[in-house]
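# 3D, please:
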Amino acid sequence: MRGSEEIERIGVLLRDHPKGLTIEEVSRKLGVNRATAAKYLNSMVLSGRAEMRALGPAKLFYLSNRLPLMNLMSLSSDLILVMDEELFIQHVNNTLLEYFGFRQKNLKGLRLDQTSLFPFFSDTGLLEHLPLALEGYDRVFELTLELGGRPTYFRAKVLPLVFEGGSRGVGLILEDVTEVRRYQMELEERVRERTQALERANEALQREIIGHQQTEEALAASRHFVEQILETTPNLIYTYTVDPFRMRYANANIMTILGYTTDQVIGDGRSDFMELVHPDDRPILEAHLSEITGVTDGDVREIEYRVMHAGGHWVTLRCREVVFERGGEGIPFQVIGTAEDVTERRRAEDAIRKANRQLLLLNSITRHDILNQLNVLTTSLGLARTDPSPGSLLEHFEREERAVETIRRQITFTRDYQSIGAQPPQWQVVHEVIGRVLYGLDREGVAIETGGCLWEVYADLLIEKVFFNLIDNALRHGGGITRIRFSCREEERGLLIVCEDDGDGIPEEDKERIFDRAYGRNSGYGLFLVREILGITGLSIMETGVPGAGARFEIQVPSGLYRAAPETDCRPPEPA
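Here you go, the predicted model:
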């Protein structure tokens, strides 16, 4: 007991002197003899708690900066199993034990085929991948297990490992994707019900929001193994001190996710990370930091907030954190966590919710319009029965034909509108979308220029219909146009996409009305659909042309919803 107390005292002393102390300095500050101080310091070096370097004839000791492997494994929500080359189980995390209802003593130290875990994997194909992993090959595959009488779906990854002593091993990571699968099935069922309400003319709405929590953390008791995991995980792994709040470690994914180098955000004197947090989310993070001072060991806390990317846009992070080091009085000193970029997922969720609201509203409006036209038909038929004169009958027939044509147009409109939001939005290159529209299009002798819009925008997949309707609207109603030109430019508010022609233009009183659903009954709902499709992901459109000098439509793309297109294959279509 005395030895562990002395080691703890030395640990506190070294923490207060991060630049290191010699044996003589430790002996003097703690009031122990030199031999005792040397014995405990060497013990801490062997256990990995401290590190030593030669400083002339003296030895300088300081606390190790290694990340705690077992804390990383306990933090992971994935199921982790580590085996040696003989397939004897060396490590297993608590998540796997909880899933299967086993204890450490039932698995650790036993060969896989001698454990109660083996029957679960014997018919899954897993055993075929283990020899390949021992030969140095990664394997990723789908796995289905029967747990609790129900199928549970996993994404399995088998990794080759090398232990610190040089021996080979194999690691197994199982990510539970059951909820994602079940959510997909529920979503598909809701899509089928909605398409039946819209005359069964809509293809199945498919939406995939897949949460990738691929936190690949340390699977063995060696620093080399921890580094292997840190290099392969797609998430940001970090540590920070609680008071004061300072980032102390971040893996290379801080550049991938946030665009910063580690030197820009880590350590004293660096940028205050709290200043990078969205002002509306700072109270959430501050409350989280207050709560974490009272958590128990192993208690995983989650938080979601926005951080400013080095490129100037906001990134939404979903974080899972746990205390892994405490001070002398048991107060949390350092926290370790993983952060996943869920920005695209949140955008997709918002877009789908907005599309659903618009579909429900249009369904109600269209049903009301059709009922009105049916009332017109009913009234006209009643009047025809009471006044069968030829002149009156002709008038009634014309009124009934107009009502039937209106109903036909409204039902056709629902076929186009119900496709909005049918799939999650995607990043799409503007000039490639325009090129697909122009392919095979009868341009009626009108020159169409694309202007080399080498930008990607985050929009509904029906954005192709946006550009088609703009071109079609110009060709039909432009009034003898000879040229249509598309162009893009970046400005302070974001990206501006312009479609302009040299026709008659739009009268001032109609510039906003042309986007109304009720405008231009004889020309369909083209521009109304254009605005609705763009609005799914927050894009907007307005007409700014000069009457008599041609129409000019401006599509405004806010910051964060556009980016430069990849350099490969960025040639715009040839102008006609």
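
# which residues of the stretch 451-576 of the chain fall in helices?
Remark: helices assigned in the stretch 451-576 of the chain by DSSP state H, counting those that start in this stretch are 463-477, 526-535.

# oops, could you answer that again for the stretch 51-200 of the chain instead?
Going by DSSP H, counting those that start in this stretch, the stretch 51-200 of the chain shows helices at 69-75, 94-100, 104-107, 118-121, 126-134, 178-197.

# need the winner for burial among the ones you listed.
helix 69-75 (a mean of 20; mean count of other Cβ atoms under 10 Å). Glycine gets a C-beta too; all of them are placed from N, C-alpha and C.

# C-terminal to the worst-scoring helix or strand of the chain on mean pLDDT, what's the next element?
Of all helical and strand segments in the chain, the minimum by mean pLDDT, DSSP states H and E falls on helix 223-232, at a mean of 59. Heading C-terminal from helix 223-232, the first helix or strand you meet, by DSSP states H and E, is strand 236-241.

# what domains does the record give for this structure?
Per automatic domain parsing, the structural domains of the chain span 2-63, 69-197, 236-341, 346-417, 426-564.

# how distant is the second one from the center of its chain?
So that's domain 69-197. 23 Å (Cα atoms, centre = their mean, to the nearest Å).

# what does the last one give?
Using Cα atoms, centre = their mean, the distance from the centre of domain 426-564 to the centre of the chain it belongs to is 29 Å.

# what does the shortest one give?
Chain-centre distance of domain 2-63: 46 Å, with Cα atoms, centre = their mean.

# tell me if I'm right that residue 437 and residue 462 touch.
No: if you go by Cβ atoms under 8 Å, residue 437 and residue 462 don't touch, sitting 11.9 Å apart.

# any low-confidence regions in the stretch 51-200 of the chain?
Filtered on pLDDT under 70, the stretch 51-200 of the chain yields the residue ranges 65-74, 162-166, 199-200.

# residue 18 versus residue 264, what's the distance?
21 Å (Cβ to Cβ, to the nearest Å).

# more neighbours, the two?
For residue 264 and residue 18, the more surrounded residue by other Cβ atoms under 10 Å is residue 264, and the numbers stand at 18 against 9.

# what are the phi and psi angles of the more buried one?
phi -80, psi -20 (degrees, to the nearest 10).

# related to what we said a few turns ago, can you put the helices of the stretch 51-200 of the chain in JSON lines and add distance to residue 313?
As requested, the helices of the stretch 51-200 of the chain are exported to JSON lines (distance: least, Cβ to Cβ, whole Å):
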{"stretch": "helix 69-75", "distance to residue 313": "28"}
{"stretch": "helix 94-100", "distance to residue 313": "34"}
{"stretch": "helix 104-107", "distance to residue 313": "45"}
{"stretch": "helix 118-121", "distance to residue 313": "44"}
{"stretch": "helix 126-134", "distance to residue 313": "39"}
{"stretch": "helix 178-197", "distance to residue 313": "27"}
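
# for those helices, which one sits closest to residue 8?
Residue 8 lies closest, by Cβ to Cβ, to one member of these: helix 69-75, at 18.2 Å.

# list the buried residues in stretch 240-258.
For stretch 240-258, a neighbour-count test (16 or more other Cβ atoms under 10 Å) marks 240, 242, 246, 247, 249, 250, 251, 253, 254, 257, 258 as buried.

# from those, which land in strands?
240, 246, 247, 249, 250 (DSSP state E).

# partner residues bridging the closest residue to the second one other than its chain neighbours?
Nearest-residue entry for residue 246: residue 240, 6.1 Å, with adjacent residues in sequence omitted and distances by Cβ to Cβ, 6 or more residues apart in numbering. Residue 240 has these beta-bridge partners by DSSP bridges: residue 247, residue 335.

# measure residue 240 to residue 184 for me?
Distance from residue 240 to residue 184, counting by Cβ to Cβ: 36 Å.

# got a list of what the residue nearest to residue 172 when sequence neighbours are not counted touches?
Excluding the flanking residues, the one nearest residue 172 by Cβ to Cβ, 6+ apart is residue 81, at 4.3 Å. With contacts taken as Cβ atoms under 8 Å, 6 or more residues apart in numbering, residue 81 has the following neighbours: 89, 91, 92, 96, 171, 172.

# burial of residue 469, as a residue count?
Counted with other Cβ under 10 Å, residue 469 comes out at 20.

# can you tell me how far the residue lying closest to it once chain neighbours are set aside is from residue 475?
In space, residue 469 comes closest to residue 526 once its chain neighbours are excluded; the distance is 4.1 Å by Cβ to Cβ, 6+ apart. Residue 526 sits 11 Å away from residue 475, going by Cβ to Cβ.

# where in the stretch 251-400 of the chain is pLDDT low?
267-271, 328, 348, 350-373, 375-377, 380-385, 387-400.

# and the stretch 401-550 of the chain, by the same measure?
402-422, 440, 517-525.

# in it, which spans are strands?
All strands of the stretch 401-550 of the chain, identified by DSSP state E, counting those that start in this stretch, fall at 426-429, 447-449, 455-459, 483-491, 494-501, 540-543.

# parallel or antiparallel, list what pairs with the second one.
Counting by DSSP bridges, the strands paired with strand 447-449 are strand 483-491 (parallel).

# which parts of the partner strand are buried?
Buried, per 16+ other Cβ under 10 Å, within strand 483-491: 483, 484, 485, 486, 488.

# residue contacts, residue 386?
Residue 386 makes no contacts at all, as judged by Cβ under 8 Å, 6+ apart.

# deepest-packed of the domains of the chain, please.
domain 426-564 (a mean of 18).

# so how far is the first residue of that one from its last?
Using Cα to Cα, to the nearest Å, the end-to-end distance of domain 426-564 comes out at 14 Å.

# show me what contacts residue 291?
residue 301.

# measure residue 379 to residue 112 for me?
Per Cβ to Cβ, residue 379 is found 79 Å from residue 112.

# now swap in residue 155 and tell me
Distance, residue 155 to residue 112, using Cβ to Cβ: 20 Å.

# the stretch 301-450 of the chain: helices as residue ranges?
For the stretch 301-450 of the chain, the helices defined by DSSP H, counting those that start in this stretch cover 343-386, 390-417, 430-438.

# the shortest one packs against which elements?
Counting contacts by 3 or more Cβ pairs under 8 Å, 6 or more residues apart in numbering; DSSP states H and E, helix 430-438 is packed against strand 455-459, helix 463-477, strand 483-491.

# of the ones you listed, which is nearest residue 30?
Nearest to residue 30, of the helices and strands packed on helix 430-438 and by Cβ to Cβ, is strand 455-459 at 60.1 Å.

# give me every residue that touches residue 428.
Per Cβ under 8 Å, 6+ apart, neighbours of residue 428: 456, 457, 459, 461, 463.

# first-to-last residue distance for stretch 264-282?
20 Å.

# er, stretch 321-332 I mean
For stretch 321-332, the first-to-last residue distance is 12 Å (Cα to Cα).
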